[in-house]
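In: 3D, please:
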Amino acid sequence: MIPTPTKPRVNPKEYRKPMTVTEWRKGTLSHYGVLVDTYYAKCPRCKGVMERDHVRFCLHCGQRLAWKVPLRKKSR
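Out: Numbers count the residues shown, from 1 in each chain. I've put the predicted structure just below:
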C-alpha cells in the first residue's frame with residue numbers, strides 16, 4: 001500500500017486575516033508600441049502574481065490582502 005501525501009490543514013479563518021503585500025514582480029508592458037516597465041504584486045500566501053492592484057482578495061488562493069499605501073507629504 002502506497003501512502004498518499006497529505007497537505008497541511010489550514011484553518012479557514014486564517015484566510016480572513018489580511019496579509020500585507022510586500023513582494024513585487026517586475027514586468028514589461030507594451031503601450032502603443034512603447035515598452036514600459038511595470039510592477040505586479042505577489043500574494044504573500046501563494047506567491048501568485050496579481051495583474052491588478054488593491055484587490056481585496058487573491059484571485060488564486062482567496063487570501064485577504066492588506067495594502068500599504070505610501071503617505072504623501074502635504075504641500076502648503
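
In: Is it correct that residue 47 is in contact with residue 23?
Out: Yes. The criterion here is C-beta atoms under 8 Å, and residue 47 meets it with residue 23 at 7.5 Å. (Glycine included, C-beta is placed from N, CA and C.)

In: Low-confidence bits of the chain, can you list those?
Out: Within the chain, the ranges that satisfy pLDDT under 70 run 1-10, 69-76.

In: try 50
Out: 71 (pLDDT under 50).

In: which residues touch the most centrally placed residue in the chain?
Out: Closest to where the C-alpha atoms of the chain average out (C-alpha atoms, centre = their mean) is residue 43, at 2.8 Å. The neighbours of residue 43, taking C-beta atoms under 8 Å, 6 or more residues apart in numbering as the test, are 21, 49, 50, 58, 60, 61, 63, 65.

In: Let me see the contact set for the fifth one.
Out: Applying C-beta under 8 Å, 6+ apart, we find residue 60 in contact with 43, 46, 48.

In: Would you check that the second one makes contact with residue 57?
Out: No. Contact status for residue 46 versus residue 57: not in contact, 11.6 Å apart, counting by C-beta under 8 Å.
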